[in-house]
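*Asks:* the following block contains a protein sequence and its predicted model.
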Amino acid sequence: MDRRMFVGTAAAMVLTTRVIAPRHVDPALIPYFEQQLDGHYRADMLLGPRALIGTIVAQCDLICQLVNTAEWPTRQRMARVGVAYATFAAWLHLDAGDPVTALRWHDVAQELAHRSRDREAVACALVDRAMARTDQGMGTAVMDLCESALMDARNLSPEVQVFALQQQAHGASLINDRRQVDELLDKAARLLGRVDVEVWGTACLRTPHYVEVQRATCYGRLGLAHEAEHVWQQVIPSAPPTSRRDVGVWTGRQAMAAAAMREPERAVELARHAAGIVVETGSERARRELAALEVAMAPWQAERIGQDLAEVLAPIGKGV
């Protein structure tokens, strides 16, 4: 979506200064939007972000108009649904390589969360923003946001607690604290068995080995290449076909671990697989992992294996 168009849409959605008279909004629209979102989550896994951005933005626009016009308590419930849609819009833009627009959607989600007066909505909005800050390398911001989300942990569902704990672990990895990474992820793993439904679409059930995926990613960020490789070898082979786009990201990270272990041939083999997935899905997250790999493989740039990597990456460009 054109960024200027987004700014105008966001203003119309929740930041409007125009006085809107309350009117009746049928509460039956709420389960309708919830069911639609479940389908969108599945479609995202199969189609990639760009195929859905237009649809989700349009639905967010409609939902926010309804929030601004509905009477209480429908307004509260509609705002809660709007949080899930806005955070999903942020995720799609992030995966499509547009973090600036993603952060604007996080702003929308946070306002809707507070308007919903739902503590889980507020917590999820904080963790989603922490996810965006993780991509920016802002470890202390990630830690602070997740700690704020968990301030009332006893009153949060296991799903939301797992979501916050795993993201807090990413923050710990950014400040080079392995002990805290393992403690947070071990706590999340113990809670995972109590999650029976994904109310907030956190993917902790839809993603096989959810906590271990985060552990491998954190280990890679900490420079623990052998430990990361060990976990990736357990996680990636068991991933279902619906996780193919995620596998592209994970394989790119596994290739980084191989390069760090000075196994350039294996790194290129893994990069070839990940690059094929990038071509199929258009995931900028996977493309970004391969761009980082290109830098990590600089010591072999003048050798034949370096040329092989350049040929593998040529169809997908230099990343973001």
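*Replies:* Yep, that arrived. Residues are numbered from 1 along each chain as shown.
*Asks:* tell me what whichever strand or helix holds Asp38 is packed against?
*Replies:* In this structure, Asp38 sits in helix 29-47 according to DSSP states H and E. Judged by 3 or more CB pairs under 8 Å, 6 or more residues apart in numbering; DSSP states H and E, helix 29-47 is in contact with helix 53-69, helix 74-95, helix 244-260. Glycine gets a C-beta too; all of them are placed from N, C-alpha and C.
*Asks:* tell me where the stretch 201-320 of the chain has helices.
*Replies:* Taking DSSP state H, counting those that start in this stretch, the helices of the stretch 201-320 of the chain run over residues 210-221, 225-235, 244-260, 264-281, 284-296, 304-313.
*Asks:* any idea of the angle the fifth one forms with helix 264-281?
*Replies:* Which is helix 284-296. Here helix 284-296 runs at an angle of 150 degrees relative to helix 264-281 (axes from the mean of the first three to the mean of the last three CA atoms, to 10 degrees).
*Asks:* thought Leu52 was touching Ala89?
*Replies:* No - assessed by CB atoms under 8 Å, Leu52 is found out of contact with Ala89, at 9.1 Å.
*Asks:* who's more crowded, these two?
*Replies:* Taking neighbours as other CB atoms under 10 Å, Leu52 and Ala89 compare with Ala89 leading, 28 against 20.
*Asks:* report the contact partners of the more buried one.
*Replies:* Counting by CB atoms under 8 Å, 6 or more residues apart in numbering, Ala89 touches 53, 56-57, 60, 105, 108.
*Asks:* most neighbours, which of these?
*Replies:* Highest neighbour count within the contacts of Ala89, by other CB under 10 Å: Trp105, with 28 neighbours.
*Asks:* three-state assignment of it?
*Replies:* helix (DSSP: H, G, I helix; E, B strand; the rest coil).
*Asks:* below-threshold pLDDT in the stretch 101-250 of the chain: ranges please.
*Replies:* 200-201 (pLDDT under 70).
*Asks:* apply 80 and report the result again.
*Replies:* 197-203, 205-206 (pLDDT under 80).
*Asks:* what angle sits between whatever helix or strand Gln166 lives in and helix 210-221?
*Replies:* If you go by DSSP H and E, Gln166 is part of helix 158-174. Helix 158-174 and helix 210-221 are oriented at 10 degrees to each other (the same axes, to 10 degrees).
*Asks:* who are the packing partners of helix 158-174?
*Replies:* Judged by 3+ CB pairs under 8 Å, 6+ apart, the packing partners of helix 158-174 are helix 119-135, helix 139-149, helix 178-192, helix 210-221.
*Asks:* need the ones you listed in CSV (columns: distance to Glu229 and mean neighbour count).
*Replies:* Shown next, in CSV, are these (distance: least, CB to CB, whole Å; neighbours: other CB atoms under 10 Å):
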stretch, distance to Glu229, mean neighbour count
helix 119-135, 21, 23
helix 139-149, 23, 21
helix 178-192, 16, 18
helix 210-221, 8, 23
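*Asks:* redo those helices as CSV? Include distance to Glu289.
*Replies:* Converted to CSV, the helices and strands packed on helix 158-174 look like this (distance: least, CB to CB, whole Å):
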stretch, distance to Glu289
helix 119-135, 12
helix 139-149, 19
helix 178-192, 19
helix 210-221, 10
